[in-house]
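S.K.: quick check, what structure comes out for this input:
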Amino acid sequence: MTAPLRLGTRASALATTQSGHVADLVRERLGREVELVEVATEGDVNRAPLASMGGTGVFVSALRDALLDGRVDFAVHSLKDLPTYPADGIALPAVPPREDPRDVVVARDGLTLGELPVGSRVGTGSPRRVSQLAALGLGLELQGIRGNVDTRIRRVRDGEVDAVVLARAGLARLGRLDEATEVLDPLQMLPAPGQGALAIECRSADTDLVELLGRLDDPTTRAAVTAERAVLATLEAGCSAPLGALAEVVEGEDGEELWLRAVALSTDGGLTVRMSASGPVADAAGLGTRLAGSMLDEGAADLMTASLEQGPPVRNEQA
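M.R.: Just a heads-up that it's a prediction; the model follows:
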């Protein structure tokens, strides 16, 4: 009898739900049994702001260590948490179909952002969201918070903040989408590169498992997140930098192509470099790299450097 595959996951409700979804895909489509193995990461045990811990990677390193030392056979991450640089000994065989990547608002009394009174307290731990919210000019008080989905929504229910901004994908996977009071249009709030997508990693030396898990890869999602992450890599920005990017496969004159949008902002949202481009799906990485290069020519790096030096204009609290 073939031993179950050990799937490494963070212990949060969202992480185990996401990993459980992938486990079901492996059982149903690949015919292999799976057992979940919980792994604590720095981002789970350290309650400091993510930017102070280096941002990208704080939820990933421990899972990769568990892969490399043989405690687990494969791991599932929120793709937006993955560093853009390759990790020795680690393969990314599959990016399953993506959830809706947009952000949502969960506000008191069913309000939307535009309906919140001036001075309302809006909680988010993301400098990307802070800068884009500030750019809307709604007069909101932005408050830095951390914690899982339940913790953040409870801050609204308890009246500590008037609203929080979260990823729609997380609420959808947890079956709590009905708690969102507004889905934000990307024109208002571009998501983080890779938001809404999952990443399945395993040891690159496990070639049979790389091939097996590769059957779960969704080419459309892979192309979109590849373009978005190429923007991120070229601009050398982690999650502490105010940067949003979203790629979508659309019907062009010569068939399917990628439409990519990206924005870099100053901390206060007063200055932005916003650009878009389209190109062949097969050239996703090149499209992202070229768009980011154009943004650099327009001063994107200077905006982000200034933002990192100043820090986000929020009152930081731990959730």
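
S.K.: tally of neighbours for the nearest residue to Gly196 once chain neighbours are set aside?
M.R.: Leaving aside its sequence neighbours, Gly196 sits nearest to Pro101 (C-beta to C-beta, 6 or more residues apart in numbering; 3.5 Å). Where you see a C-beta, it was placed from the backbone N, CA and C, and this is true even at glycine. A count of nearby residues for Pro101, using other C-beta atoms under 10 Å, gives 26.

S.K.: and if you look at Ala134?
M.R.: Counted with other C-beta under 10 Å, Ala134 comes out at 22.

S.K.: test my guess that it contacts Asp268.
M.R.: Yes - taking contacts as C-beta atoms under 8 Å, Ala134 lies within contact range of Asp268: 5.4 Å.

S.K.: now the strands for the chain?
M.R.: Remark: strands assigned in the chain by DSSP state E are 5-9, 34-38, 74-78, 90-94, 103-107, 121-123, 141-144, 163-167, 182-183, 198-203, 243-252, 255-265, 272-280, 315-316.

S.K.: out of those, which gets nearest to Phe59?
M.R.: strand 74-78 (6.9 Å; C-beta to C-beta).

S.K.: just checking, what packs against that closest one?
M.R.: Applying 3 or more C-beta pairs under 8 Å, 6 or more residues apart in numbering; DSSP states H and E, we find strand 74-78 packed against strand 5-9, helix 13-25, helix 61-68, strand 198-203.

S.K.: can you count the residues close to the closest residue to Gly139 other than its chain neighbours?
M.R.: Of all residues not flanking Gly139 in the chain, Val118 sits nearest, at 3.7 Å (C-beta to C-beta, 6+ apart). Applying other C-beta under 10 Å, we find 8 residues neighbouring Val118.

S.K.: show me the contacts for Val118.
M.R.: 138-140 (C-beta atoms under 8 Å, 6 or more residues apart in numbering).

S.K.: and it, how far is that from Gly137?
M.R.: According to C-beta to C-beta, to the nearest Å, Val118 and Gly137 sit 10 Å apart.

S.K.: next: Ser12.
M.R.: For Ser12 relative to Gly137 (C-beta to C-beta), the value is 34 Å.

S.K.: between those two, point out the one with more neighbours.
M.R.: Ser12 (20 against 9).

S.K.: tell me how many other residues crowd the residue nearest to that one when sequence neighbours are not counted.
M.R.: Spatial nearest neighbour of Ser12, excluding adjacent residues (C-beta to C-beta, 6+ apart): Asn148 at 5.1 Å. Using other C-beta under 10 Å, Asn148 has 17 neighbouring residues.

S.K.: now do Ala233
M.R.: 17.

S.K.: mean neighbour count, the helices and strands packed on strand 74-78: which tops it?
M.R.: strand 198-203 (a mean of 23; mean count of other C-beta atoms under 10 Å).

S.K.: show me how far that strand is from its chain's centre.
M.R.: 15 Å (C-alpha atoms, centre = their mean, to the nearest Å).

S.K.: only the buried residues of the helix ranked longest in the chain, if you could.
M.R.: In the chain, with assignment by DSSP state H, the single longest helix is helix 219-235. By 16 or more other C-beta atoms under 10 Å, the buried positions in helix 219-235 come out as 221-235.

S.K.: nearest to Pro97 among the residues you listed?
M.R.: Checking those against Pro97 by C-beta to C-beta gives Thr221 as the nearest, at 5.6 Å.

S.K.: how about the closest one, what does it touch?
M.R.: Neighbour list for Thr221: 95-98, 197 [criterion: C-beta under 8 Å, 6+ apart].

S.K.: go with 6 Å
M.R.: By C-beta atoms under 6 Å, 6 or more residues apart in numbering, the contact set of Thr221 is 95, 97-98, 197.

S.K.: swap in Ala247?
M.R.: Counting by C-beta under 6 Å, 6+ apart, Ala247 touches 224, 227-228, 258, 260.

S.K.: which two from these end up farthest apart in space?
M.R.: That would be Glu228 and Leu258, which, of those, are the farthest apart (C-beta to C-beta) at 9.8 Å.

S.K.: gap between the two ends of stretch 61-74?
M.R.: Stretch 61-74 stretches 13 Å from its first residue to its last (C-alpha to C-alpha, to the nearest Å).

S.K.: and that stretch, how far from the chain's centre?
M.R.: Relative to its parent chain, stretch 61-74 has a centroid offset of 21 Å by C-alpha atoms, centre = their mean.

S.K.: which residues are contacting that stretch?
M.R.: The contact list for stretch 61-74 (C-beta under 6 Å, 6+ apart) reads 5-8, 37, 39, 41, 75, 87, 89-90, 202-203.

S.K.: quick one: end-to-end distance for stretch 76-92.
M.R.: Using C-alpha to C-alpha, the gap from the first to the last residue of stretch 76-92 comes to 10 Å.
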